[in-house]
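S.K.: Mind folding the following:
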Amino acid sequence: MAKKSIRGDILEIARVLREFSARRSDEDWRAFRPSFPMGADARLYAEAAREATKPADLEALVKASFRPFFLANGLTQASLLKRHADRAFLLEALATGLVEFADYFEGISPDRIAPDETPEEFERLAALQRRYFAYCVAQLSECGMGMEGIWMTMKGDSLDMETSYAVRAILEEGPEKIAASPLYSDEEKRLWAAAYAQTPGAFQELQRLLVETHKLPFKKSPAS
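M.R.: Here you go, the predicted model:
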């Protein structure tokens, strides 16, 4: 069964977000209209990005065929930020994530689900999921998103129901569920426990470990 590729759409949306992130002021942001040809989804995300300077109204994105929680929650977070520099930094992080994890986003897209998926393909996507989740924790937190939003993003963009339920358990029952999670190493679990115990520097150490372990394209916030 042939599988439809949406990589072109994903990279086009990333380009749109990166173009917006390069604007130097809110006024420039609101007035900006990308000049390059865009498909339907990219046009919807361009409008959503333009509206990110005010409270989020992402109803238009319901029409998008590609709508991961990574983008919906990320754009919602952008609308909550007060400083232009912080919004621009977040859109750049979203664009980077789309490019870096295009294979994963293709893999979890409904258009890509096929009955002939092999165990090898599932294992490949599971490895990509672990790296994508690490990016969500390390980079989205650096963009100001709270852990509830990050866990919800991971739950919504999970590869399978088992992972989705595991993340949901963390959301609903608390961080102690991380101790039994197959998504994290023993050292990562130790740092998660320390971070939730509010041990000074523990979350920053967790960020560092995730970035180094998964070789993530991590950037520090301009607010740091």
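S.K.: Need the per-residue pLDDT for residue 112.
M.R.: Listed pLDDT for residue 112 reads 56.
S.K.: Phi, psi for residue 201 please.
M.R.: phi 80, psi -10 (degrees, to the nearest 10).
S.K.: So it versus residue 97, what's the distance?
M.R.: 25 Å (CB to CB, to the nearest Å). Bear in mind the C-beta positions are built from the backbone N, C-alpha and C, glycine included.
S.K.: Looking at the two, which one has more neighbours?
M.R.: Neighbours of residue 201 and residue 97, each counted by other CB atoms under 10 Å, are more numerous for residue 97; the result is 25 against 11.
S.K.: For the more buried one, give me its contacts.
M.R.: Counting by CB atoms under 8 Å, 6 or more residues apart in numbering, residue 97 makes contact with 70, 132, 135, 139.
S.K.: If you rank every helix and strand of the chain by mean pLDDT, what lands last?
M.R.: Ranking every helix and strand in the chain by mean pLDDT, DSSP states H and E puts helix 26-31 at the bottom, with a mean of 88.
S.K.: OK, contacts around the most centrally placed residue in the chain?
M.R.: Note on the chain: the residue nearest the mean C-alpha position is residue 70, at 3.4 Å, using CA atoms, centre = their mean. Counting by CB under 8 Å, 6+ apart, residue 70 touches 94, 97-98, 105, 136, 153, 157.
S.K.: which one of the residues you listed sits closest to residue 66?
M.R.: residue 105 (7.4 Å; CB to CB).
S.K.: Which strand or helix spans that closest one?
M.R.: helix 102-108 (DSSP states H and E).
S.K.: can you check residue 211 too?
M.R.: Residue 211 belongs to helix 202-214, assigned by DSSP H and E.
S.K.: Any stretches of the chain with poor pLDDT?
M.R.: 1-4, 55-57, 111-116, 224 (pLDDT under 70).
S.K.: So it: which segments form each domain?
M.R.: Split into domains by automatic domain parsing, the chain comes to 1-117, 122-224.
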